[in-house]
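Chemist: Make a model of this:
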Amino acid sequence: MEQTKIAKQMINFQKTAFNNTFNAITMLQDQAERMGNLVLEQFSWPPEEGKRVINGWIETYKKARDDFKKAVDESFKKVEDFFEKSKTQ
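Modeler: Predicted coordinates for the structure are as follows:
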């Protein structure tokens, strides 16, 4: 029983560490996006097609980032459910 409690605490620690790191990376990426947009707005030389490509990249990495977060959250949920089931048995 004590082993299950220790394992759950370890999972919670890892989940918290992941969420904090993920949030920090998200803030960095969002800041880089804002800075990039400012540069694109101030300079008139990039063609519109190039701006559309860059915006496409931004949307792609945001979707991939969100999909990754969703997958990790689902995995943590599965592990938590596993330990809850083993606790009741």
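Chemist: Once you drop chain neighbours, what's closest to residue 36?
Modeler: Once flanking residues are discounted, residue 36 sits nearest to residue 54: 7.1 Å by C-beta to C-beta, 6 or more residues apart in numbering. To be clear about C-beta, it is placed using only N, CA and C from the backbone, and glycine gets the same treatment.
Chemist: quick one: the helix or strand that contains the one you found to chain centroid distance?
Modeler: Using DSSP states H and E, the element containing residue 54 is helix 48-88. Computed by C-alpha atoms, centre = their mean, to the nearest Å, the separation of helix 48-88 from the middle of its chain amounts to 6 Å.
Chemist: ok, now how distant is the residue positioned nearest the centre of the chain from residue 82?
Modeler: With distances taken as C-alpha atoms, centre = their mean, residue 69 lies nearest the centre of the chain, 4.2 Å away. Relative to residue 82, residue 69 is positioned 21 Å away (C-beta to C-beta, to the nearest Å).
Chemist: coming back round to it: burial of the residue nearest to residue 36, as a residue count?
Modeler: Neighbour count for residue 54, taken as other C-beta atoms under 10 Å: 15.
Chemist: next one: residue 72
Modeler: Counted with other C-beta under 10 Å, residues neighbouring residue 72 total 14.
Chemist: Report how far apart the opening and closing residues of stretch 36-54 are.
Modeler: Criterion C-alpha to C-alpha, to the nearest Å; first-to-last residue distance in stretch 36-54 is 9 Å.
Chemist: quick one: buried residues of it?
Modeler: Within stretch 36-54, no residue qualifies as buried by neighbour count (16 or more other C-beta atoms under 10 Å).
Chemist: what does that stretch contact?
Modeler: residue 58 (C-beta atoms under 8 Å, 6 or more residues apart in numbering).
Chemist: One more pass at 6 Å, please.
Modeler: Counting contacts by C-beta atoms under 6 Å, 6 or more residues apart in numbering, no residue outside stretch 36-54 touches it.
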